[in-house]
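Novice: Just to be clear, the model below is a prediction. Sequence and coordinates:
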Amino acid sequence: MAKYGGKYKKCRECKHAEEVMMYIVQTKESCPKHVNFSGTLAVDKPTCERCEYFEPKESEGKRDGRNL
């Protein structure tokens, strides 16, 4: 079965995001918009989608400048 991507695509591609859940995105401390939500750093999906601090994740193969 195909994995549902949903309408929030930018959230999954940001380098600040750790895990994308149903309504919130668990983030790292480097995210400027994070809030403490039940003991975790998170932001809601619509806020994450409109964020001006979006930075794409680095691709796994080209991290050190070499192709793995």
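Specialist: Thanks, I have it. Predicted model, so just to flag it, every value in this text is computed and none were measured.
Novice: Any idea what the residue nearest to the spatial centre of the chain is bridged to?
Specialist: With distances taken as CA atoms, centre = their mean, the residue of the chain nearest its centroid is Ala17 (2.5 Å). Beta-bridge pairing of Ala17, defined through DSSP bridges, involves Thr27.
Novice: Just confirm it contacts Cys11, I think it does.
Specialist: Yes - between Ala17 and Cys11 there is a contact at 5.8 Å, judged by CB atoms under 8 Å. C-beta: built from backbone N, CA, C; applies to glycine.
Novice: Which neighbours do these two have in common?
Specialist: Residues touching both Ala17 and Cys11 by CB atoms under 8 Å, 6 or more residues apart in numbering: 25, 48.
Novice: Which of the helices or strands spans Cys48?
Specialist: Using DSSP states H and E, Cys48 sits within helix 45-49.
Novice: Only the buried residues of stretch 9-17, if you could.
Specialist: By neighbour count with 16 or more other CB atoms under 10 Å, stretch 9-17 contains the buried residues 10-11, 14, 16-17.
Novice: Would you mind measuring from the residue nearest to the centre of the chain to Val35?
Specialist: The spacing between Ala17 and Val35, counted by CB to CB, to the nearest Å, is 14 Å.
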